[in-house]
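Enquirer: Curious how this folds, go ahead:
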Amino acid sequence: MVIVNQDACKGCTLCEKNCPLDAVHIVDRKAVVDEEKCAECGICTRVCKFGAIERPQASPEQSVICSSCPVQCHVPVGHTGACKRYTNENGKLVRNRRLVMHNDAITYPDPKLNGPVVTAVGAGTNYPCIRPAPHIVSDVRDGVEVVTVVTEAPLSYSAVTVKLDTNTYIGEEGDPVYRGGKVVSMVATEEYGSKMIDVGGANRLTGADGFTVARTIVELANGEEVDLGVKTKDGMIKLTVQAGKAPVINGVVESKMRIGCGSATVGLFAKKMKEAVDEVIVIDHHVVGLFTEHLAGAEVGMEWSGVVPNATKSSRGRYFGEHGTGIGGTTIATPRDAIKSVDMTRGKAGMQILVTNTTGQIRALFEVQADGDVKEIPMTEKAEALAQDITDNCETSLTSVLYRGGTGGSARGGVCSRPVAITKAVHEGKAVLTIGGAPAFVLPGGGINFMVDAGKVVDHGFTWVPTPATVAPVEYTMTRADYEAIGGHMDCIKPVSQLKEELNG
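Expert: Numbers count the residues shown, from 1 in each chain. Below is the predicted model:
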């Protein structure tokens with residue numbers, strides 16, 4: 001159970017509000033901990049602004065240490081840890097949910113609906129949408145008649161998400177992204193190993209710079225090279241991006257995508273780290289990894305070396321780096337800066353410390369001196385091989401573009417006479433939505449909001465109109481029976497063989 005310093009406690013309730021186990025309550029303006037529930041997850045110690053809570057040196061004998069994540073909860077008998085997945089049943093941790101063999105809530109589309117009969121690229125647009133779509137084409141697949149309705153739909157609700165495989169700093173979430181002096185985008189939340197930029201959206205398209213926004217969305221979706229600039233608190237960061245190509249950041253071509261965060265790198269290479277050096281610091285803006293303190297280090301028989309990295313501790317062997325333009329997107333400028341200190345009550349002179357980033361491309365070896373200082377030494381053959389192994393297991397850095405759109409509006413009129421019916425058919429899997437022949441992910445809930453890998457769409461399948469809006473090639477494929485059931489324009493169906501003859505005639 002965590003220990004509360006009653007004199008330091010201010011009764012602010014942060015610990016009570018954040019405790020995932022309802023183990024902390026404020027009584028008479030002081031924090032009181034329920035010993036039976038507390039798993040010593042450490043959330044309260046981290047949110048307390050007054051340093052009034054700390055973890056104990058020893059835990060109850062009946063508790064069990066959970067090693068399913070780096071937190072290592074001390075789970076009391078009859079209770080769970082912070083994630084509530086494991087229960088201490090008489091001294092044994094048991095997963096408290098049975099393995100689920102099947103997801104019975106999912107209905108998968110009929111395989112006969114895989115892929116449209118024809119794509120919508122080049123189909124044109126019938127406007128206003130009271131008119132049937134430009135092409136409604138049928139074909140027979142495995143004895144079943146299948147219909148695809150195609151149109152090039154102007155979508156003011158559209159955008160692209162640009163994914164940059166890089167660990168290099170490009171700004172904070174929400175920082176504006178410019179093109180030609182116009183704001184077209186913003187930095188979005190990161191994904192694993194990648195930076196994300198959102199370009200466009202309905203509000204930007206209908207704003208003062210909508211034409212620039214529309215052109216930028218389409219050029220990115222069509223795989224063209226685009227120059228952008230991110231305005232950060234420290235100045236402008238220049239980006240050159242193109243789907244399928246490596247991102248260029250401030251003139252530097254990114255070559256490798258990180259293998260994982262610093263903690264993940266330690267987990268993947270712990271055995272080889274043990275064979276190569278005494279300690280490894282893996283620099284990363286998300287999580288800096290410290291090999292010997294990490295659970296993976298303990299798994300291969302290591303004990304903490306006494307080395308302290310230049311970062312803020314999160315959990316065992318895992319430290320938070322500060323965002324910046326240094327190594328791995330941190331404020332660490334050189335490998336030497338990654339080593340804050342060495343506790344010589346645990347460390348010893350002659351220890352070798354490898355400092356690397358999460359691609360292994362930046363690497364340096366240091367030797368601990370008798371006074372606790374460190375000195376850079378030439379890379380040994382084993383250290384070099386370890387760093388190179390990390391590099392060799394990294395993927396090539398690429399730029400990817402996801403086109404996002406909403407086609408649940410009037411464009412449905414070209415599909416059928418009952419617009420809500422095509423929406424329901426899409427969500428029920430009776431009608432399959434594709435964009436330029438590429439499979440699309442349809443967001444749950446109302447409407448037909450989708451995402452598609454623009455790199456899989458027919459080449460240069462997107463255009464734009466000066467309303468402004470982008471134009472996407474939209475296809476709905478379903479059986480003829482289901483098309484008739486939603487009020488489809490049955491008299492406009494044309495066999496694909498007839499369409500081919502007309503196009504070739």
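Enquirer: Residue 130 is in contact with residue 412, isn't it?
Expert: No: Residue 130 is beyond contact range of residue 412, at 11.1 Å (criterion: Cβ atoms under 8 Å). Bear in mind the C-beta positions are built from the backbone N, C-alpha and C, glycine included.
Enquirer: neighbour count winner among those two?
Expert: residue 412 (25 against 10; other Cβ atoms under 10 Å).
Enquirer: what about that one, which SS state?
Expert: Three-state call for residue 412 (DSSP: H, G, I helix; E, B strand; the rest coil): helix.
Enquirer: need the contact list for it.
Expert: 129, 419, 422-423, 448 (Cβ atoms under 8 Å, 6 or more residues apart in numbering).
Enquirer: Do you know the pLDDT at it?
Expert: Looking at residue 412, its pLDDT is 92.
Enquirer: Distance of it relative to residue 436?
Expert: According to Cβ to Cβ, to the nearest Å, residue 412 stands 19 Å off from residue 436.
Enquirer: Then residue 92?
Expert: Counting by Cβ to Cβ, the gap from residue 92 to residue 436 is 54 Å.
Enquirer: tell me the mean pLDDT over stretch 203-212?
Expert: 94.
Enquirer: Could you give me the buried positions within the helix ranked longest in the chain?
Expert: Criterion DSSP state H: the longest helix present in the chain is helix 262-276. Buried residues in helix 262-276, counted by 16 or more other Cβ atoms under 10 Å: 262-270, 272-274, 276.
Enquirer: With distance to residue 141 and pLDDT as extra columns, can I get these in JSON lines?
Expert: Formatted as JSON lines, the buried residues of helix 262-276 follow (distance: Cβ to Cβ, whole Å; pLDDT from 0 to 100):
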{"residue": "262", "distance to residue 141": "50", "pLDDT": "96"}
{"residue": "263", "distance to residue 141": "49", "pLDDT": "96"}
{"residue": "264", "distance to residue 141": "44", "pLDDT": "96"}
{"residue": "265", "distance to residue 141": "48", "pLDDT": "97"}
{"residue": "266", "distance to residue 141": "51", "pLDDT": "98"}
{"residue": "267", "distance to residue 141": "47", "pLDDT": "97"}
{"residue": "268", "distance to residue 141": "45", "pLDDT": "97"}
{"residue": "269", "distance to residue 141": "49", "pLDDT": "98"}
{"residue": "270", "distance to residue 141": "51", "pLDDT": "98"}
{"residue": "272", "distance to residue 141": "51", "pLDDT": "98"}
{"residue": "273", "distance to residue 141": "54", "pLDDT": "98"}
{"residue": "274", "distance to residue 141": "57", "pLDDT": "98"}
{"residue": "276", "distance to residue 141": "57", "pLDDT": "98"}
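Enquirer: Which one of those is nearest to residue 475?
Expert: residue 264 (39.3 Å; Cβ to Cβ).
Enquirer: hey, where'd the helices end up in the stretch 401-505 of the chain?
Expert: Ranges of helices in the stretch 401-505 of the chain, per DSSP state H, counting those that start in this stretch, are 419-427, 480-485, 496-504.
Enquirer: Of all the ones you listed, which one is nearest residue 27?
Expert: Of all those, helix 419-427 comes closest under Cβ to Cβ, at 49.3 Å.
Enquirer: Now do that closest one: distance to the chain's middle.
Expert: Centroid separation for helix 419-427 versus its chain: 30 Å, with Cα atoms, centre = their mean, to the nearest Å.
Enquirer: ok, back up a step: from the helices of the stretch 401-505 of the chain, which stretch is densest packed?
Expert: When those are scored by mean count of other Cβ atoms under 10 Å, the highest mean neighbour count falls to helix 419-427 (a mean of 20).
Enquirer: Show me what that one is packed up against.
Expert: strand 469-479 (3 or more Cβ pairs under 8 Å, 6 or more residues apart in numbering; DSSP states H and E).
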